[in-house]
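Participant: the sequence and its predicted three-dimensional model are supplied below.
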Amino acid sequence: MAQLLNKLAHAAPDSKCYVTRGTILKPTGSENPSQRPYTTIHDHIYNQQVDLLLPDEICEVVQQRLSEQLKPLQYHRIFMGPKHILEKEFYNHYIRQGNIILLSDGRVDVDDVYCLYDGKLFLFLRKETYEKAGLVGRQAAFGGRKKERWVVEYNLREPHMVHGKKAFDRLVWSFENVFKQQNAWLFCDLNQEAIDPSSPPPEPTLKGLTPPTVLRIAAPTITHPSNPIKLATFTHKPPTGKPTDYDRAIFFDWITSLHEWLALVSINSDRLNVTDSIDPLLSRYEPPIDEDDTSSPVTGKISKVSWRGFIPAEYILKIFNIIQEVVPHNQWYSITVHGFQNTPISWKGRQHNVVGGGMGGENLYTILRFAGINDTSAIGEDDGGDGDDIMGGMEDVKEKVAESKYIMYEVVGGRDEFS
Amino acid sequence: MEVDSAIAGKNEEEEEKEDDRKEEKEEDEVEGQKKNKQKKKKKEKNRHHEDRFTLRKPDWQYLRLRMTFDPPHPPTYTSPSYPPDLLTWKTHLSTALNQFLGLAGTAIPIDFLHLEGPEVWVRIPRDDATRFMAGISGWGQEVDGRTVGFRVLANTEFLMGIVGGDGRDVFV
């Protein structure tokens, strides 16, 4: 029986978690380095929740700096059909000249879902609508064996994609005659600087768009802890000598349990409560602690700052840069960014899908930056072990103190092209 | 748990090999100064060396479950037996698993990570997850005039994956 059950089609292939360990480079001027974790943040387009965890004692400083340097994000919810985004004034102002992101509501495995970023429009269609629309597309990456899903891609910034040209009018025709269904869309203007927060828009519409919109503001909510919680150990002692398979297993265990612990902190789990003394019959969970290490505290308070809404990657980069600047080197923080499960695109250019509402739809990442007091020796076991770091000499050691070590976890569902 | 560090490592090695090849080519063509620049570049790249590996098939599977009652309780209703406590959860889950899988079912270890109203976050061994879900979702029993059952709200191999919800409420 059990064997049979294990052979049943597990609704989705296994999820994966990519782990990156390295140092965060400082942005030079206004340019962000084209390296992880910056590239990961930048390429994850549609984000719905950002959770920042940090020790309570620095929360106030961070909070203050965030309110000084970061404008609350404005985005809109619109109930409309796809034809409305091609209305001339809106189209020219926001899509051709400006830079916006759009995402429509729907279940990405059964409905028609549309999205737009960088002037590129993606239509993820059911077979039926695809055939009716008469637009040229290709099979979607997760379309099933029966070619049930199709994707049509248009770069709307190409010179010929303007009103009056044939190819464009064909698109308008399809949108008017085939895609009649209206549903909820999210809209965010990436040029947030131009929006003046002091004067709210006189009408609840966007320039050149006929359907009314609902303006929403994503402001951070801050949760201060009422009680201290059980902390995890952030240091992992590298084994001396050549690492064996066993050492590696211990190391990977530490990596996973750290991730698990961070997740438990974000849901404010009962198990982390210092007064929690649950019977092992009900739970055997223990936070990852190092029994030999008596110097680091076992309990502490952790604050959470979170944003919810339709948050573009550019905004998250801003948050990240501010945090990276304001959090002192001897403190840690972690930032977790959750994507929409039903987004047809997760990381730039990678198709994404989910089965039956909830299976294999993960697309999120966590960046955990360690406190940098003794980070030259304590963190990680230097897996590659190719000895290059030793060759660097004194200069390197100094720089390492100024740099910050991080671990990044990217969790990707089984139905995602990001791999 | 399976860890796949080979892939990332390989790519990096390949990249480096390519760099070497390029360097060799340029060595033939360009004079010493440029060569030095190239070497410096390579050194910088190494200094910001990053490790990358993939975790797959972890030991655990995480579920978010809701206990359902039919007919449902009014929204603000509370009583000593509602919302259910962890022992009630454990008892009901064991009954369900026992009915479907017998002793092997009750032997599945369940770690309750968090309780919130009628919902819990639990951790079970990944290999038992399919069986576990099949066992509990088909179960129902009458308790105090209401049929009690379970719903699996979310299911993931990495707990962080169900912390954020699916994001559809942003559209509402």
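Facilitator: Structure's in. What do you need?
Participant: let me know the pLDDT of A:Phe370.
Facilitator: At A:Phe370, the model reports a pLDDT of 89.
Participant: from what I can see it touches A:Lys405, true?
Facilitator: Yes: counting by CB atoms under 8 Å, A:Phe370 touches A:Lys405, with 4.9 Å between them. C-beta coordinates here come from the backbone N, C-alpha and C atoms, glycine included.
Participant: not counting sequence-adjacent ones, nearest residue to the residue of the stretch 1-150 of chain A found nearest chain B?
Facilitator: Residue of the stretch 1-150 of chain A nearest chain B, by CB to the nearest CB: A:Gly22 (3.2 Å). Leaving out its chain neighbours, the residue that sits closest to A:Gly22 by CB to CB, 6 or more residues apart in numbering or on different chains is B:Glu50, at 3.2 Å.
Participant: go on, B:Val170?
Facilitator: In this structure, B:Val170 finds its nearest non-sequential neighbour in A:Gln48, 5.3 Å apart by CB to CB, 6+ apart.
Participant: report the contact partners of the residue of the stretch 1-150 of chain A closest to chain B.
Facilitator: Contact partners of A:Gly22, counting by CB atoms under 8 Å, 6 or more residues apart in numbering or on different chains, are A:36, A:405-406, B:48-51.
Participant: which of the residues you listed fall within strands?
Facilitator: Using DSSP state E, A:405-406, B:51 are the members of the contacts of A:Gly22 that sit in strands.
Participant: for the residues you listed, pick the one with the most neighbours.
Facilitator: Counting neighbours by other CB atoms under 10 Å in any protein chain shown, A:Tyr406 leads the ones in strands among the contacts of A:Gly22 with 23 neighbours.
Participant: doesn't A:Leu25 make contact with that one?
Facilitator: No: assessed by CB under 8 Å, A:Tyr406 is found out of contact with A:Leu25, at 10.6 Å.
Participant: need the residues of the stretch 151-300 of chain A near chain B, please.
Facilitator: A:184, A:186, A:248, A:252-253, A:255-256, A:259-260, A:262-264, A:266-271, A:278, A:281-285 (CB under 8 Å from any CB of the partner chain).
Participant: mark which of these are buried, thanks.
Facilitator: A:184, A:186, A:248, A:252, A:255-256, A:259-260, A:262-264, A:266-271, A:282-283, A:285 (16 or more other CB atoms under 10 Å in any protein chain shown).
Participant: so which of those residues are in strands?
Facilitator: Among these, DSSP E puts A:184, A:186 in strands.
Participant: list the ones among the buried ones among the residues of the stretch 151-300 of chain A next to chain B that fall in helices.
Facilitator: A:248, A:252, A:255-256, A:259-260, A:262-264, A:266 (DSSP state H).
Participant: tell me which of the residues you listed is nearest to B:Val3?
Facilitator: For those, the closest approach to B:Val3 (CB to CB) belongs to A:Phe252, at 5.2 Å.
Participant: without its sequence neighbours, what residue ends up closest to the closest one?
Facilitator: Leaving aside its chain neighbours, A:Phe252 sits nearest to B:Val3 (5.2 Å; criterion: CB to CB, 6+ apart).
Participant: where does the one you found sit: helix, strand or coil?
Facilitator: Under DSSP: H, G, I helix; E, B strand; the rest coil, B:Val3 falls in the strand class.
Participant: just to revisit the earlier point, any chance of CSV for the contacts of A:Gly22, columns pLDDT and distance to A:Ile335?
Facilitator: As requested, the contacts of A:Gly22 are arranged in CSV below (pLDDT from 0 to 100; distance: CB to CB, whole Å):
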residue, pLDDT, distance to A:Ile335
A:Arg36, 84, 14
A:Lys405, 86, 15
A:Tyr406, 90, 10
B:His48, 62, 20
B:His49, 72, 23
B:Glu50, 80, 18
B:Asp51, 84, 20
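Participant: now distance to A:Pro159 too, for those, in CSV please.
Facilitator: CSV is the format used below for the contacts of A:Gly22 (distance: CB to CB, whole Å):
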residue, distance to A:Pro159
A:Arg36, 35
A:Lys405, 47
A:Tyr406, 42
B:His48, 40
B:His49, 43
B:Glu50, 40
B:Asp51, 44
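Participant: count the residues that sit near residue 151.
Facilitator: Chain wasn't specified; assuming chain A. Neighbours of A:Val151 (other CB under 10 Å): 19.
Participant: meant chain B actually
Facilitator: 13.
Participant: correct me, but it touches B:Leu65?
Facilitator: Yes: the criterion here is CB under 8 Å, and B:Arg151 meets it with B:Leu65 at 6.8 Å.
Participant: could you find the closest non-adjacent residue to A:Glu362?
Facilitator: A:Glu362's closest residue in space is B:Gly161 (CB to CB, 6+ apart), at 3.8 Å.
Participant: could you do A:Gln139 as well?
Facilitator: A:Lys147 (5.6 Å).
Participant: if I look at A:Gln341, how far off is chain B?
Facilitator: Spatial separation of A:Gln341 from chain B under the definition CB to the nearest CB, to the nearest Å is 4 Å.
Participant: phi, psi for the residue lying closest to that residue once chain neighbours are set aside please.
Facilitator: Spatial nearest neighbour of A:Gln341, chain neighbours left out: A:Gly361 (3.5 Å); criterion: CB to CB, 6+ apart. Phi and psi for A:Gly361, reported as degrees, to the nearest 10, are phi -100, psi 10.
Participant: helices and strands of chain B: which one has the lowest mean pLDDT?
Facilitator: Within chain B, no helix or strand scores below helix B:6-29, which has a mean of 45 by mean pLDDT, DSSP states H and E.
Participant: typed the wrong thing, it's chain A
Facilitator: The least trusted helix or strand in chain A, going by mean pLDDT, DSSP H and E, turns out to be helix A:388-391, with a mean of 36.
Participant: phi, psi for the residue nearest to A:Gln139 please.
Facilitator: phi 50, psi 50.
Participant: now do A:Leu73
Facilitator: phi -80, psi 140.
Participant: how about the helices in the stretch 51-200 of chain A?
Facilitator: A:56-69, A:88-90, A:127-133, A:166-177 (DSSP state H, counting those that start in this stretch).
Participant: quick one: buried residues of the first one?
Facilitator: Neighbour-count burial for helix A:56-69, with 16+ other CB under 10 Å as criterion, is recorded at A:58-59, A:62-63, A:66.
Participant: export those residues to a markdown table and tack on distance to B:His92?
Facilitator: Listed next are those as a markdown table, based on distance: CB to CB, whole Å:
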| residue | distance to B:His92 |
| --- | --- |
| A:Ile58 | 43 |
| A:Cys59 | 40 |
| A:Val62 | 43 |
| A:Gln63 | 43 |
| A:Leu66 | 44 |
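Participant: of those, closest to A:Val162?
Facilitator: A:Leu66 (40.6 Å).
Participant: I'd guessed B:Arg126 sits against B:Tyr62; true?
Facilitator: No: judged on CB under 8 Å, B:Arg126 makes no contact with B:Tyr62 at a distance of 9.4 Å.
Participant: please consider this matter closed, and thank you.
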